[in-house]
Every structure is written in C-alpha cells, then in structure tokens.
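S.K.: here's my sequence, what's the structure:
(chains A and B, ligands or ions: 1)
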Amino acid sequence: MAMSLDDLRKLREAKKTDLRKREAEGKEMQVIVGMGTCGIAAGAKQTLDAFIKGLEAHNLVDSTLVRQTGCMGLCHSEPTVEVVVPGMPTVIYGKVDEKVVNEIIQKHLIGKELLSGYILDKPAADILGAK
Amino acid sequence: MAYKHYILVCGGTACESNKGAELFNRLNAEAEKQGVKDQVQIVKTGCFGFCERGPIVKVLPEDSFYVSVKPEDAQEIIAEQIIKGREVKRLLYSDDETAVKKDILAVEDIPFYQKQFRVVLRNCGAINPENIDEYIAREGYAGLERVLFEWNQEQLIEEVKKSGLRGRGGAGFPTWLKWDLARKAVGDVKYVICNADEGDPGAYMDRSTIEGDPHSVIEGMITAGKAIGSNQGYVYIRAEYPLAIERLKIAIDQAREYGLLGKNILNSGFDFDIEIRLGAGAFVCGEETALLTSVEGARGEPRPRPPYPALKGLFGKPTVLNNVETYANIPQIILNGAEWLSSIGTERSKGTKVFALGGKIKNTGLVEVPMGTTLREIVEEIGGGIPNGKRFKAAQTGGPSGGCIPAKHFDIQIDYDNLTAIGSMMGSGGLIVMDEDNCMVDIAKYFLDFTVDESCGKCTPCRVGTKRMYEILERITNGNGKPEDIGKLEELGYYIKENALCGLGQSAPNPVLSTLKYFKDEYEAHINDKKCPAGQCKALLNYEILQDKCKRCSVCVRVCPTGAIEGTVKNPHYIHTEKCIKCGACKEKCKFGAIVVR
Ligand SMILES: Cc1cc2nc3c(=O)[nH]c(=O)nc-3n(C[C@H](O)[C@H](O)[C@H](O)COP(=O)(O)O)c2cc1C
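M.R.: Okay, the predicted model is just below:
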C-alpha cells in the first residue's frame, strides 16, 4: 500500500502509542500493581489489564508508567496498587478491581484527588526510602 | 491484547554469535510454554553497543538491563519477571569495581552509557529494525515532510550546511559542499551512493547502524536524492555483512511497500529508489573512486581525482557518495534543525562520532560521543579503563590509514582537526587501545602488513613502496635492523604519501610515521640494543632462569617442548637459547617467578 503524507502521519501517531508503552522516560506518574502469588490469586492480572486498557483509552500512556512488583505485604486486601503522582502523596489502594481501576484513572490520575474509600496506606518510611 | 512487558534482545552480530539468536528463540518458546505469549512482546533489536557484556537483554517498562544472558536464563526471565514482576537480580548489570548489583540503577546511569550521546545509534537497541512501523513511531520519515513538500534543494542544502556536518567516512569533507557540487553539476541522471564497505579492521559502526536502524540510512539517502535531483541510490556493502544485508533488504522492501521508496513518494511527485550492490571485501573498494568502478561492474581499482565523483561519478554522472553514519545523521538534522546538531561538538567538528572501542580495554563495544570528548573520557570512563591494572600507552585511530595517539595526548579533545594535528586521523571510527605490553613497532608492522595485502597494485608507490617498508619493519623486529633503517622508513613513507594514486597508498605509511614520531626510542631499542621493550617481538626475546629464585624443581625442564632446558631436581637449571622457541610454557608453569624474559 503506497501511503500519502497523511497516511504516514496517522500511522506514526498510532504506532507511537504502542512504542511509548515500553518506555519509562518522561513518565511522571506510576501505577504499580502487586503481582505476588496473593495478588494474582485475587485477580491482579485483570487489574493490570484494566489499567493498560484504561490508560490507553484516556490518553495517559505517555505520562504513566505501569509496573509490576511483588507482594507488598498487604495480602488481605489484594489486589493492591500503588499510585505515584507528583505533588500528591504516594498511596496504596486495596481491593482494586476493574471498577476501582476506572475510578483511580478518573479521580486520582486525571482529577488529582485521592479516592478515600480504598486507601490502605501510605507506604512506611522504609519502603519509601528503599526506592 | 495489550502487552504488559517488552523484552528487547540484542540482535547485533556480536550478540547473535554469542548465542543471542538461541536466547531469542528460547524466550519465545518459554513465553509460549508458560502461557504468557500474549502478555509480552519479544523484540529483536539492533546493537546496544555494550558488546563486551553481551548478549544484552532489556526488559521494559522496568528498564531492567541484563548482561551476559545465556539461553538457559530464558526460563527464569519469563517465570520471574514476566509472570511475577520480579527482576532477575543475578543478571543485572553490575560494576566490577564496586561489586554492587545496582538494581535500582537506571540504564542511563551505567557508566558505559553516561558520557554517550546517541544521534546515529538512537534507535539501536530500542526498536525492531525489521519493523518499519517502529522506526516511523520514533519520528522516522518525519523529516520527509520538509524534504519533499516544504523545502527546495537550496534550502535543504543550506540546512545541512548550517549544521556543520562533515563526512564520517574518514576525511571529514563538508557534506553540504559535496551535495551542492552535485546539485549544480549538469547531468541527465545523477546518483546517490552509500559507502558501507567498512574495510578498516576493528571498525563495525556502519554494520551496526545498518543492522540496528536501516531506515535512518534510507531516509538520509532519499534526502540526498532530493537535494541533488537524483532518482537512484545504491548501497555498496560488503558481502561479509550478511545480517546487515538481510535487514537492509527487508527495510528497502518495507519502504517500497509503504511508498517511501519508488515512484511518486508520498504523492510528492519525487521518485527515488535504492538498490544494493555487494562488494567482495577489498579494503580499496571503500575508496570512493574504486567503489564506483566496482559498482560499475569492473575490478575495484581507483582512478585519479579530479574529476571528483560529485561531477563525474558513477557511469560518468554526477554522484554524491557518503558514508553510512553521515546519512544516518541527516534525518535528525532535518527533524531537529541545523542549530541542534551544531550545538553539539567543537568549533569545526559538529555532532557526534561513533567509535568501535577495541584492544586493551574493559568495555569493548560501540560508543557514540559528542565531538570534543577527550580520549581519556572514552578510555577511562566509558571504556572502563585498561584491564589488569596496566598503563595506557597509546590509542590507534583511523586503522591502517591513521596513526597513534600517545599517552601524552591522553587529554586531547577528539575531533577531525585535533587528530590530524597530532599526525593521526578520525578515520571511520576504529579506536584501538594499547597498553604497556604492546610493541609499537609490531603494531605498525601489523597495519602495514594489512595494506600490503590490500594494495590493489595499480600504482607503483603503493604496490612496491609499502612492501619495501614492510620488509624493513620485519628486519627490525627480527633483530636485523640497521641504524639507517629509521631514515629509510621516513623517506619511503613521505615518498609514498606524495605519489600514490589513491587514499589507500597516500595514508598507508601513517601508522609507521606516527609511531616513529612518538615511539622512536622503541625502534632504536630494536635496532641498536636488539631488544623489544614491550616483550612482544619473539626474535628479540631471551628466556632466562634467575638462579637465586629457582628452587630446582625441574617443572620447566619437563614442560619444555624442545628440550631446551637442562637440569635435574636439586641441580641448577639452564636454558639453551639456540634450542628455545620462546613459547613461554616454562614461564607460565614456574611457580616461583624464576623465569624472566629479557
Ligand atoms: C583505502 C580507503 C578506504 C576507505 N574505506 C572507506 C569505508 O570503508 N567507508 C567509508 O565510508 N569511506 C571509506 N573511505 C573514504 C571514502 O573514499 C570517501 O571519502 C567517503 O566514503 C565519503 O563519505 P563521507 O563524506 O560521508 O565521509 C576510504 C578511503 C580510502 C582511501
């Protein structure tokens, strides 16, 4: 298929999103999903999927890094998700299912407001220090 | 299905030959077996440059940088990181010096990458070179908007002029000037040629650029085509680069399919296509006139210049001929502007240069640094210094056409003019580091041996002259040198430089002349004292037993393959020099350090 200039531009925009997902550079916000055995058993994989889809739908791929981590020690409230947004306290949300994922995206990442109902903890000082 | 992880596996030649291909297959197989094939994208990329620690694997988005990864590690990477989100700590890059695993270290913090600035290699290790979409996503072919739709030829060439870009193939000729000459030259047909012959032993940046980011070269060539009004390009690449050729072919096919090569590119009305021409791997075919003759189908022999190729090149038509790295710079200049490139580098050398670091250095590999970076920074900071606590003696740049930079110029800012001023040259970018164990006469002999072999034989100064110089060097390293040999070498060297037909002969004496300039004492030691100070020239070495250190154990007597050592247990041992073949077996086996070489 021979392209026109316009086709090329469109293709670039489409592919850019794909490629940007790989990169950490320039992304200020982070969503870290606990993927220990406990997390996975409680549905962390679906949570992770929901974030990846939701961020793309809300054009947040460029600014948000999705990472996985092991068990955060809050096994009773899995799936747990840590959200890091500059200028806001870093918080851990518990029992994050797909519905909560959407709320986190809408309220926390976009609205810059904490979701009071699901906050479990701010990480202890040693966890913060270890980063 | 959305991917959650991306595994980038280095697909450069060095890593591939180190089981990188098997690793790539194993990762895919494990991802399949462990049921996560739809969650991880495994991409084979171009060279990361860190060849010393290859195969390299990078996992994103965590940015885990794994070194020396073996096919057996695939299972663990998938099981731990892809499934559980935990980095495989034992594979992470670590700094030998401090012996800490820097698991929170970002890739940019690894000393090898810290001082680098990647323009040409920006996509190497980041994208899949066999997928044009990934190139396009990283602003690939974006410059073509200006090239094809906004700027006319003069504006295009003006931009390249303002950027200060000079040819990366060796001589550093201003790229815009070449283009402008070819643009103004009268001709019904004009050609654009990419020189990917890369004959300098030890240099492989052009190969890696094509392997890792072939489209950047294609885009550069399209731009040159537009600038001079040419519709046909050729890439001349040596047949010894099968992987690069393969990736280039794929890239050309994909570009054609997208209408980025061929007729009426992006409906702009401009036609341009590229064909590949394979070279048989003769050094002289990297010289531009010999290259043209070879593309024409004749034996690769040079012809006198002028006429320069810009006026009368391929098939007698105006031709722009540039190096791979030169072309790879072009899209970035068009995209980011001339000022961007000219803000990098020194007064008269703009932008960056890629070097192939080799020799006595910890981190052999490909490095790209701003012009003006000092040799010390490259060797000590990026290269990690010299192994085994040895001292830096010299670095050779420019390969068989270049010269050496001695320790007293360790702080030289590397650019075209500074290197020329001290009798070396930028060359295509080979940078070979030598320590105190390297004999400079032997090094000069090595390079001259190469040129004697590669001389095409067309002109006498090169064919006969280099051979005579080689014979003198051989005599010197064999212990038969005569005091007048130094003068003879100099005289012959200058004569060849002035009279040879092409650049091969004109530069062939450089390694000899520059080592003579900085290490004359070593030549004199070989000639007058019949000694090789670095202990390399076998004919000048004598193995001796230090009687006060010898414990008379007779190990050496037993390992000597020629029976040159006399002695029995508890009695003194002696080496009979006339029987000794200087293999070093005795020295290696002696536990008491009683055997020395003088
Ligand atoms: C013996 C010899 C070998 C050369 N080999 C190469 C080579 O392998 N690659 C290259 O780009 N230029 C090589 N050159 C330099 C080319 O003649 C030419 O100057 C260069 O390709 C021009 O491109 P540039 O202006 O982009 O540097 C060689 C020159 C000589 C004399």
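S.K.: all strands of the stretch 1-150 of chain B, in order?
M.R.: B:5-10, B:40-45, B:57-60, B:64-66, B:94-95, B:100-101 (DSSP state E, counting those that start in this stretch).
S.K.: cool, the stretch 201-350 of chain B as well?
M.R.: B:232-238, B:273-279, B:319-323.
S.K.: for chain A, same thing?
M.R.: A:29-34, A:64-69, A:81-84, A:91-93, A:119-121 (DSSP state E).
S.K.: re the thing from before, just the strands of the stretch 1-150 of chain B: most buried one?
M.R.: Burial of those is given as mean neighbour count (mean count of other CB atoms under 10 Å in any protein chain shown); strand B:5-10 ranks first at a mean of 25. Every residue, glycine included, has its C-beta placed from N, CA and C.
S.K.: avg pLDDT for it?
M.R.: Averaging pLDDT along strand B:5-10 yields 92.
S.K.: that strand pairs with which strands?
M.R.: Applying DSSP bridges, strand B:5-10 is found paired with strand B:40-45 (parallel), strand B:57-60 (antiparallel).
S.K.: what is the neighbour count of the closest residue in space to B:D133 that isn't next to it in sequence?
M.R.: The spatially closest residue to B:D133, leaving aside those adjacent along the chain, is A:K15, at 4.7 Å (CB to CB, 6 or more residues apart in numbering or on different chains). Residues lying near A:K15 (other CB atoms under 10 Å in any protein chain shown) number 19.
S.K.: ok, A:K15 to the ligand distance?
M.R.: 30 Å (CB to the nearest ligand atom, to the nearest Å).
S.K.: with B:R90 instead?
M.R.: Distance from B:R90 to the ligand, counting by CB to the nearest ligand atom: 41 Å.
S.K.: show the pLDDT at that residue.
M.R.: Per the predicted model, pLDDT is 89 at B:R90.
S.K.: same thing with A:K122?
M.R.: For A:K122, the predicted pLDDT is 58.
S.K.: out of everything not next to it in sequence, what's closest to B:P318?
M.R.: Closest residue in space to B:P318, ignoring its immediate chain neighbours: B:A185 at 3.7 Å, by CB to CB, 6+ apart.
S.K.: surely that neighbour and B:Y308 touch.
M.R.: No: using CB atoms under 8 Å, B:A185 makes no contact with B:Y308, being 9.6 Å away.
S.K.: which of these two has more neighbours?
M.R.: Ranked by neighbour count (other CB under 10 Å), B:A185 and B:Y308 place B:A185 first, with 21 against 18.
S.K.: got the contact list for the more buried one?
M.R.: B:A310, B:L311, B:P318 (CB atoms under 8 Å, 6 or more residues apart in numbering or on different chains).
S.K.: which pLDDT value belongs to the last one?
M.R.: In other words, B:P318. 98.
S.K.: ok, it - how many residues close by?
M.R.: If you count neighbours by other CB under 10 Å, B:P318 ends up with 26.
S.K.: can you give me the buried ones in stretch B:161-172?
M.R.: Using 16 or more other CB atoms under 10 Å in any protein chain shown as the test for burial, stretch B:161-172 gives B:K161, B:K162, B:S163, B:G164, B:L165, B:R166, B:G167, B:R168, B:G169, B:G170, B:A171, B:G172.
S.K.: lowest-pLDDT helix or strand in chain A?
M.R.: helix A:125-130 (a mean of 48; mean pLDDT, DSSP states H and E).
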